[in-house]
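> A predicted structure for the sequence below; I have some questions about it.
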Amino acid sequence: MEFMNGRVLWDPSMADSSKEEALGVYSSMKNTLAKLHSGDPSK
């Protein structure tokens with residue numbers, strides 16, 4: 001695994017973000033986790 005440039009969201013409530021931005025972030029996170037868990041770890 002490598003480090004990637006990007007934004008670190010320390011506050012999970014995303015109080016400083018719009019509802020649309022928060023929805024996009026959490027939707028992307030959900031999709032990424034689903035992809036990670038659908039893979040075969042032995043490959």
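Received it, and whenever you're ready, just let me know what you need.
> use CA for all of it now, contacts and neighbours both
Noted.
> center of this structure - which residue?
By C-alpha atoms, centre = their mean, the chain has its centre lying nearest to Met29, at 2.9 Å.
> tell me which element it falls in.
Element membership for Met29, per DSSP states H and E: helix 19-38.
> Distance-wise, check the residue nearest to the centre of the chain relative to Lys43.
Distance of Met29 to Lys43, computed by C-alpha to C-alpha, to the nearest Å: 23 Å.
> How about Met1?
From Met1 to Lys43 the distance is 15 Å (C-alpha to C-alpha).
> now Leu36
As judged by C-alpha to C-alpha, Leu36 and Lys43 stand 13 Å apart.
> Neighbour count: those two, which is higher?
Just comparing Leu36 and Lys43: by other C-alpha atoms under 10 Å the higher neighbour count belongs to Leu36, 10 against 4.
> So for the more buried one, what pLDDT did the model give?
Leu36 is assigned a pLDDT of 92 by the prediction.
> what pLDDT does the closest residue to Met14 other than its chain neighbours get?
Once flanking residues are discounted, Met14 sits nearest to Ala22: 6.4 Å by C-alpha to C-alpha, 6 or more residues apart in numbering. According to the prediction, Ala22 has pLDDT 96.
> now Met1
Among the per-residue scores, Met1 shows a pLDDT of 80.
> residues touching it, list them.
By C-alpha atoms under 8 Å, 6 or more residues apart in numbering, the contact list for Met1 is empty.
> Just give me the neighbour total for Lys35.
For Lys35, the count of nearby residues is 10 (other C-alpha under 10 Å).
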